[in-house]
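Enquirer: Output the structure for:
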Amino acid sequence: MNPLSQLPSVDRLLSATALASLVDAHGRAVVTGMVREVLAAARAAIKEGGGLPDEADLVEKVGAGVTAKMRPRLRPVFNLTGTVLHTNLGRAPLPEEAVQALINAARNPCALEYDIESGGRGDRDNVVDELLCELTGAEAATVVNNNAAAVFLLLNTLAQKKQVIVSRGELIEIGGAFRVPDIMSRAGAKLVEVGTTNRTHLKDFAENINPRTAMLMKVHASNYAIHGFTHAVPEAELAALAHQHTLPFVIDLGSGTLADLAAYGLPHEPTPAEAIAAGADLVTFSGDKLLGGPQAGLLVGRKDLIAKIKKNPLKRALRVGKLTLAALEAVLALYRDPDRLHLRVTAVRQLTRPEADIAAQAARLLPALQSALAGLPVTVEIVALKSQIGSGSLPVDRLPSAGFAVKPQGKRGGILNRIEQGLRALPKPVIGRIEEGALLLDLRCLAEHEESGFAAQLSALSGLGA
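Expert: Below is the predicted model:
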């Protein structure tokens, strides 16, 4: 008998008890489509000489296919890479206050562009501009979807077909081959490089100011550092020079933070408040890096300049929605209480987590990981590690941390790749890093309340030894 004719029909597979829950969860159309895909693959295999598959195996493949198809692509993971603000893993995790604000905004109509007091149309920037001005000392503020957009918008508004003077040493490239000179060009501004890579002086700026100059600009080189024979012009001196020529002085802080990180035992990072105090007319920075909020580009500074920027038609194209504003407002409000910032803002809490606490956590979890990998030719030990802040923030600074080093026994380096892939295949993927012949799992970003869930799923790794 032709094995093709012995394959079960679509209706027969759909009637399988094992698929009933999938039909209830995802709908008959999705499961039917997967049944057809599985049967088509089975027919192709038979035509190439394969045998008739067992019906139970077909049902299992349908179930696995539907589960994989309906699994969200934006999945939560355990970040054990050692990079706290990991761009590829979504940067800063939001504090609970921001999560609740986001949920409330998602569930309900909100006064996004509605003034409740007057009953008239409002401005969505009003949700956060008062907070931003309070925390930075600026006269006005506005928000767009990321810091690159903020820089683009201000250049397009204030420097189109004009010149912007920048130190050569600050012409950085950020992630994804995104370069500051390219942003300027696309915004319609003409870049004027002054000084050298390692040293720029005030006279370099002064000698290049002419009637076509639109502004003096400083770009905080947050994703790299130059040491040794260097010189940069102090911000106050650049501001004075710009104002002498009635030009705005603009600072792009890149990452940016609203708190003095040194107060929490971290290296100091320039703040918008410091930039405004030094005489900057406009400052741009990110919301989702050191600030610990949602992705956003924040512009603060002079009221007249912010007003011009907000009138640019591109502002509408780059604006943020109510969910971003809700989360951002909640995070900014936490900065009113700097004494508890390291307890309430998740990113700051992860960055300031004591090494001793991380090491104690490693000791608690070590038995579970050793048990899961017991059948494999590897050793597992607790090691001291160095975390990094990430996302271009404080690039040369490292944070003392702790975690696990999984090392192969003998010359079996391929086993590390298998384990790393196995960790990524867990229900909640675990993302570590392979470095210098070891698989490293840095526990800095693993919260204590996540320990049980992390440990429970490790038992699935035991199948790697089969």
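Enquirer: Need the CA coordinates for stretch 139-146. CSV is fine.
Expert: Taking Å, rounded to 0.1, in the frame of the first residue of the first chain, the C-alpha atoms of stretch 139-146 are listed here in CSV:
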residue,chain,number,x,y,z
GLU,A,139,14.1,76.7,31.5
ALA,A,140,12.3,74.2,29.2
ALA,A,141,12.4,70.7,28.0
THR,A,142,11.0,68.4,25.3
VAL,A,143,11.2,64.6,24.5
VAL,A,144,11.7,62.6,21.4
ASN,A,145,12.2,58.9,20.8
ASN,A,146,16.0,58.6,21.4
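Enquirer: neighbouring contacts of it?
Expert: Under the contact criterion Cβ atoms under 8 Å, 6 or more residues apart in numbering, stretch 139-146 has outside partners 125, 128-129, 132-133, 150, 153, 286-288, 295-303, 306-307, 309-310, 315, 318-320, 324-325, 328. Glycine gets a C-beta too; all of them are placed from N, C-alpha and C.
Enquirer: same question for that stretch, mean pLDDT?
Expert: Across stretch 139-146, pLDDT averages out at 97.
Enquirer: So, low pLDDT: which residues of the stretch 1-150 of the chain?
Expert: Along the stretch 1-150 of the chain, the model assigns pLDDT under 70 to residues 1.
Enquirer: Walking through it, point out its helices one by one.
Expert: Applying DSSP state H, counting those that start in this stretch to the stretch 1-150 of the chain gives helices spanning 10-14, 20-26, 28-47, 55-70, 96-107, 129-136, 147-158.
Enquirer: Need those helices in a markdown table (columns: distance to residue 452 and mean neighbour count).
Expert: Listed next are the helices of the stretch 1-150 of the chain as a markdown table, based on distance: least, Cβ to Cβ, whole Å; neighbours: other Cβ atoms under 10 Å:
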| stretch | distance to residue 452 | mean neighbour count |
| --- | --- | --- |
| helix 10-14 | 38 | 15 |
| helix 20-26 | 26 | 14 |
| helix 28-47 | 33 | 16 |
| helix 55-70 | 24 | 16 |
| helix 96-107 | 19 | 16 |
| helix 129-136 | 37 | 18 |
| helix 147-158 | 37 | 24 |
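Enquirer: quick one: which of those is nearest residue 268?
Expert: Evaluated with Cβ to Cβ, the helices of the stretch 1-150 of the chain place helix 129-136 nearest to residue 268, the distance being 16.7 Å.
Enquirer: From residue 371, how far out is residue 405?
Expert: Using Cβ to Cβ, to the nearest Å, we find residue 405 at a distance of 17 Å from residue 371.
Enquirer: Between those two, tell me which one has more neighbours.
Expert: Neighbours per residue, other Cβ atoms under 10 Å: of residue 405 and residue 371, the larger number sits with residue 405, 19 against 15.
Enquirer: residue contacts, the residue nearest in space to the middle of the chain?
Expert: Central residue of the chain (Cα atoms, centre = their mean): residue 91, 2.2 Å from the mean position. Residue 91 is in contact with 85, 288-289, 295, 390-391, counting by Cβ under 8 Å, 6+ apart.
Enquirer: what about burial for the contacts of stretch 139-146, which qualify?
Expert: For these, a burial check counting by 16 or more other Cβ atoms under 10 Å picks out 125, 128-129, 132-133, 150, 153, 286-288, 295-302, 306, 309-310, 315, 318-320, 324-325, 328.
Enquirer: Which of those residues fall in strands?
Expert: Counted as lying in strands by DSSP state E, out of the buried ones among the contacts of stretch 139-146, are 286, 297-301.
Enquirer: Got the domain ranges for the chain?
Expert: 3-70, 78-87+350-465, 96-344 (automatic domain parsing).
Enquirer: Straight-line length of the last one, end to end?
Expert: Pointing back at domain 96-344 there. The straight-line separation of the ends of domain 96-344 (Cα to Cα, to the nearest Å) is 8 Å.
Enquirer: now the helices for the stretch 301-450 of the chain?
Expert: Along the stretch 301-450 of the chain, the stretches classed as helices by DSSP H, counting those that start in this stretch are 303-311, 314-318, 322-334, 341-344, 346-351, 355-372, 414-424.
Enquirer: by contact count, what packs against the first one?
Expert: It stands for helix 303-311. Packed against helix 303-311 by the contact rule (3 or more Cβ pairs under 8 Å, 6 or more residues apart in numbering; DSSP states H and E) you find strand 140-144, helix 147-158, strand 297-301.
Enquirer: Turn those into JSON lines, including distance to residue 23.
Expert: What follows is the helices and strands packed on helix 303-311, written out as JSON lines (distance: least, Cβ to Cβ, whole Å):
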{"stretch": "strand 140-144", "distance to residue 23": "44"}
{"stretch": "helix 147-158", "distance to residue 23": "44"}
{"stretch": "strand 297-301", "distance to residue 23": "45"}
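Enquirer: could you measure the spatially closest residue to residue 134 that is not a sequence neighbour against residue 349, distance?
Expert: Residue nearest to residue 134 in three dimensions, not counting chain neighbours: residue 336, with 7.7 Å by Cβ to Cβ, 6 or more residues apart in numbering. Computed as Cβ to Cβ, the residue 336 to residue 349 distance reads 17 Å.
Enquirer: Show me which of the two is the more surrounded one.
Expert: residue 349 (18 against 11).
Enquirer: ok, for the more buried one, nearest residue in space, not its chain neighbours?
Expert: residue 342 (5.8 Å).
Enquirer: The longest strand seen in the chain: which residues count as buried?
Expert: Taking DSSP E as the criterion, the chain has its longest strand at strand 393-408. Buried residues in strand 393-408, counted by 16+ other Cβ under 10 Å: 393-394, 399, 401-408.
Enquirer: Next: stretch 232-249.
Expert: Within stretch 232-249, the residues scored as buried using 16+ other Cβ under 10 Å are 232-233, 235, 238-239, 241-242, 247-249.
Enquirer: Among those, which ones are in strands?
Expert: In this view, the buried residues of stretch 232-249 that belong to strands under DSSP E are residue 249.
Enquirer: Kindly indicate which of the buried residues of stretch 232-249 lies nearest residue 212.
Expert: Nearest to residue 212 among these, with distances taken as Cβ to Cβ, is residue 247, at 11.2 Å.
Enquirer: which residues touch the closest one?
Expert: 209, 213-216.
Enquirer: re earlier: name the helices or strands packed onto the longest strand of the chain?
Expert: Secondary elements touching strand 393-408 (3+ Cβ pairs under 8 Å, 6+ apart): helix 355-372, strand 378-390, helix 414-424, strand 438-442.
Enquirer: Partner strands of that strand and their direction?
Expert: If you go by DSSP bridges, strand 393-408 pairs up with strand 378-390 (antiparallel), strand 438-442 (antiparallel).
Enquirer: Give me whichever of those strands is most buried.
Expert: Of all the strands paired with strand 393-408, strand 438-442 carries the top mean neighbour count, a mean of 23, counting by mean count of other Cβ atoms under 10 Å.
Enquirer: Thanks again, I'm all set now.
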